[in-house]
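Undergrad: here's my sequence, what's the structure:
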Amino acid sequence: MVWHARFRGEDLYHHIYAWGNDRHPVFKNPQHYQQYLIYLAKHSQKFRIDVIAYALMQWHVHLFIYDRKNTISDFMLHMHGEYAKYYNRSACRVGHVFGERYNNKIVEDNEQGMWLTQYIHRQAITAGLVKDPADYPWTSYNVYVGEQTNIFLKHARIMNQFGTGKDAQFHYRNFVIAASHGPVDWDLIERSIDRKKESIEDRCQKWGIDIASFKHVQGRKDRKLRHELVRRLVKDYGLKAVDLAGYLNMTKAAISKIVK
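TA: Sure, this is the predicted structure:
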């Protein structure tokens, strides 16, 4: 298996998901879920990570976080390491609790983040466990709609896009339950989405990638490196193939072929 370096840096939003080892359960009883949340609160504070949304499922976890100081690796190492020790003690077992290393993808803007919270909060519905996300206790959904409190969750940046107070909670509830993959009816909601668009080069500079050196490549080795860069920018960072094609002096068809 090829071991790729992670995209990381200061002031980045991440969608993190991790599965149990060999798809075995990560949680077996309510105490396991509760203890994971205790460690999530503890280590997010320690490593200055903002937790925006979460879903704890029996076999996997989803986290939406904001990494202020490029501490995501230490955060996940310590949190999942401590949880694994607890889980093995409580379940009288040994070995890995989580399987492959956690997955993370960059979340680009407020609007993408908004739709990500819908995806996370519908996990139990998708799994057929409940019909109403409020009936599943192990996501951050009930905090969003005002049914629970949570002192470590930083969800205001999402809820601010839906208005204020009870109105925001009402609109967010409808947004999640509707399960639409298209635009929300923004006539009912005052939007406050930051639509500042950085150039590709600005973004890559922020991520520590010297993309300018890939605009004119020579030789098989350089082309191979550029292909790997394209795959990572499209799949991990969500950049558009058509934009990359023009910037890298490639055709859209060539980009699409690379990322298949």
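
Undergrad: just the helices in the chain please.
TA: 30-46, 72-91, 110-121, 123-126, 141-144, 156-159, 165-178, 200-206, 220-235, 241-247, 252-259 (DSSP state H).

Undergrad: model confidence over the fifth one, on average?
TA: Read it as helix 141-144. Here helix 141-144 scores 98 as its mean pLDDT.

Undergrad: CA-only coordinates of that helix in PDB, if you can.
TA: What follows is helix 141-144, C-alpha atoms only, in PDB (Å, rounded to 0.1, in the frame of the first residue of the first chain):
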ATOM      1  CA  TYR A 141     -27.600  17.100  15.800                       C
ATOM      2  CA  ASN A 142     -29.600  17.700  19.000                       C
ATOM      3  CA  VAL A 143     -27.200  20.400  20.000                       C
ATOM      4  CA  TYR A 144     -27.800  22.100  16.700                       C
END
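
Undergrad: does anything pack onto that helix? Which helices or strands?
TA: helix 110-121, helix 165-178 (3 or more C-beta pairs under 8 Å, 6 or more residues apart in numbering; DSSP states H and E). From N, CA and C alone the C-beta is placed, and that goes for glycine too.

Undergrad: show me the contact partners of the last one.
TA: Contact partners of helix 165-178, identified using C-beta atoms under 8 Å, 6 or more residues apart in numbering, comprise 114, 117-118, 121-122, 132-133, 141, 144-146, 158-160, 162-163, 184, 188-189.

Undergrad: out of those residues, which end up buried?
TA: 114, 117-118, 121-122, 133, 141, 144-145, 158-159, 162-163, 184, 189 (16 or more other C-beta atoms under 10 Å).

Undergrad: list just the nearest of those residues to residue 245.
TA: residue 114 (27.9 Å; C-beta to C-beta).

Undergrad: my guess is the closest one meets residue 158, correct?
TA: Yes: judged on C-beta atoms under 8 Å, residue 114 makes contact with residue 158 at a distance of 5.7 Å.

Undergrad: need the residues touching each of those two.
TA: Counting by C-beta under 8 Å, 6+ apart, nothing touches both residue 114 and residue 158.

Undergrad: residues of stretch 224-232 that come out buried?
TA: Of the residues in stretch 224-232, those buried by neighbour count under the rule 16+ other C-beta under 10 Å are 226, 227, 229, 230, 232.

Undergrad: now swap in stretch 12-26 and tell me
TA: Those would be 12, 13, 14, 15, 16, 17, 18, 19, 20, 24, 25, 26, for stretch 12-26 by 16+ other C-beta under 10 Å.
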